[in-house]
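[1] Predicted structure and sequence below. I'll ask about it afterward.
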Amino acid sequence: MVRGEGRGKCCSYRRTTVVICSINIVAAFYILHFLYSSLHIYYNNADSNDGKFTQDQIKRMDDSIRVRKASEPIELVRLVRDIKKEFSRQKRAPELSLPVKQLINKEIRQKLKGLNANANVSEQQEAVESWRQKKLQEVKQLTLGQATLNSTIPAKEAQKLLRALESDWTVLLEKIGLWMPGEIVHKEHHDKPERELELEDQIIPGRRIPPECHAEIHTDYGGAAVRWGLTNHEESAADCCQACLDQAKLAKPGELKCNIWVYCPSETGCHSPDIYEHKHQECWLKYAEKPRLSFKNKYSESYRNSHPTAPVIVPWVAGVIST
């Protein structure tokens, strides 16, 4: 009886194991079938919906693209691109030799020296333009191999100078140390000397300068610096004068009170005999017990001979105020 019971239990264990394994196999096949079916359905749905949008979705996308394009700073991008091209062009432009620059500087100064002492700005500009046109003809002949006997330009420099005279004229003037004054306004009254009218009627950028500033264009005064101009910039000559007036009112006992203001209105900067590079909108506040002119109207010929980069006209605007 004992042996029969043992064989019965063994068979029941085997049956149970087989049943459990069968169930596990069936369950595994079912899970695999479910996963495969799910993936198949997903990819079928993805393929069926690919590239298909509703009319409302398409309209929204079109509106978004249109708004994005309309908000692009096209004009700003174009200006930046043009500036980069111009800068790159100037950077690649061949450099004239120092002797040629000095020669051009000398010829233009001689041309201006030959004018009447009372010549106004327009006459000076016409004289310089006349020299440029004449020099253009001379240089063009040199580039064609038709050198003239009286040519002062070396043939090897002709092509570079031709380009400078045609397209880089303003840059060339700056490089040789010449600064030509801008246009003057039309004169309405002629009861003053021509020279006085020329100095008074030129346009000074910015708001109107108050009478108490006693503004003088093409003028530079010396004095002890109350406020260093290299780090003090103002929007206009009127603002520079106002800064001088304010400093004089607020100065503490024992401090120097500003009674001289000197401003640089030129966008290309202003010349000075010191070692610094003076830039547009520099505002110098100074003090002098007895204000004395440093430069007025034009730099002298002797000064320009010793300072080759000095312009013909004094670029500063200045004034002496009463404290």
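    Arrived safely.

[2] Quick one: the helices in the stretch 151-300 of the chain, in order.
    158-166, 169-175, 194-200, 237-250 (DSSP state H, counting those that start in this stretch).

[3] so which of those helices is the most packed in?
    helix 237-250 (a mean of 20; mean count of other Cβ atoms under 10 Å). Just so you know, the C-beta spots here come from the backbone N, C-alpha and C atoms, and that holds for glycine as well.

[4] which residues sit against that one?
    Identification of contacts with helix 237-250 by Cβ atoms under 8 Å, 6 or more residues apart in numbering yields 204-210, 212-213, 215, 226-227, 232, 234, 257-263, 265, 283, 285, 317, 319, 321, 323.

[5] Can you list which of these are found in strands?
    215, 226-227, 260-263, 283, 285, 317, 319 (DSSP state E).

[6] picking that back up, by neighbour count, sort out the buried ones in the contacts of helix 237-250.
    206, 209, 213, 215, 226-227, 232, 234, 257-263, 265, 283, 285, 317, 319, 321 (16 or more other Cβ atoms under 10 Å).

[7] tell me the pLDDT at Leu172?
    On the pLDDT scale, Leu172 is placed at 71.

[8] Now do the strands in the chain.
    Going by DSSP E, the chain shows strands at 215-217, 219-221, 224-227, 260-263, 283-287, 293-296, 317-320.

[9] Of all those strands, which one is nearest Leu96?
    Distance to Leu96, taken as Cβ to Cβ, is lowest for strand 293-296 among the strands of the chain, at 28.0 Å.

[10] list the helices and strands that closest one packs on?
    The helices and strands touching strand 293-296, judged by 3 or more Cβ pairs under 8 Å, 6 or more residues apart in numbering; DSSP states H and E, are strand 219-221.

[11] Give me the distance from the strand it packs on to the chain's centre.
    In terms of Cα atoms, centre = their mean, to the nearest Å, the centre of strand 219-221 is set 28 Å apart from its chain centre.

[12] same check, this time on stretch 53-65
    Relative to the chain's own centre, stretch 53-65 is displaced by 41 Å; criterion: Cα atoms, centre = their mean.

[13] Now do it: everything it contacts.
    With contact meaning Cβ under 8 Å, 6+ apart, stretch 53-65 is reached by no other residue.

[14] in the chain, which residue is closest to the centre?
    With the centre of the chain defined as its mean C-alpha position, the nearest residue by Cα atoms, centre = their mean is Ile83, 8.5 Å away.

[15] low pLDDT regions in the stretch 151-300 of the chain?
    The stretch 151-300 of the chain contains residues with pLDDT under 70 at 151, 168, 171, 174-203.

[16] Could you chop the chain up by domain?
    Split into domains by automatic domain parsing, the chain comes to 76-175, 205-320.

[17] Mean neighbour count, those: which tops it?
    Greatest average neighbour count among the domains of the chain goes to domain 205-320 (a mean of 18), per mean count of other Cβ under 10 Å.

[18] End to end on that domain, go ahead and measure it.
    Criterion Cα to Cα, to the nearest Å; first-to-last residue distance in domain 205-320 is 19 Å.

[19] Just give me how far that domain sits from the chain centre.
    24 Å.

[20] Check stretch 74-88 too.
    Using Cα atoms, centre = their mean, the offset of stretch 74-88 from its chain centre is 11 Å.

[21] would you put the C-alpha positions of that stretch in CSV?
    The C-alpha trace of stretch 74-88 is given here as CSV (Å, rounded to 0.1, in the frame of the first residue of the first chain):
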residue,chain,number,x,y,z
ILE,A,74,15.0,92.9,-42.3
GLU,A,75,16.1,96.5,-42.6
LEU,A,76,18.5,96.2,-39.6
VAL,A,77,19.9,93.0,-40.9
ARG,A,78,20.5,94.6,-44.3
LEU,A,79,22.2,97.6,-42.7
VAL,A,80,24.5,95.4,-40.6
ARG,A,81,25.4,93.4,-43.7
ASP,A,82,26.2,96.6,-45.6
ILE,A,83,28.3,97.9,-42.7
LYS,A,84,30.2,94.7,-42.6
LYS,A,85,30.9,94.8,-46.3
GLU,A,86,32.0,98.4,-46.1
PHE,A,87,34.3,97.7,-43.1
SER,A,88,35.7,94.6,-44.9
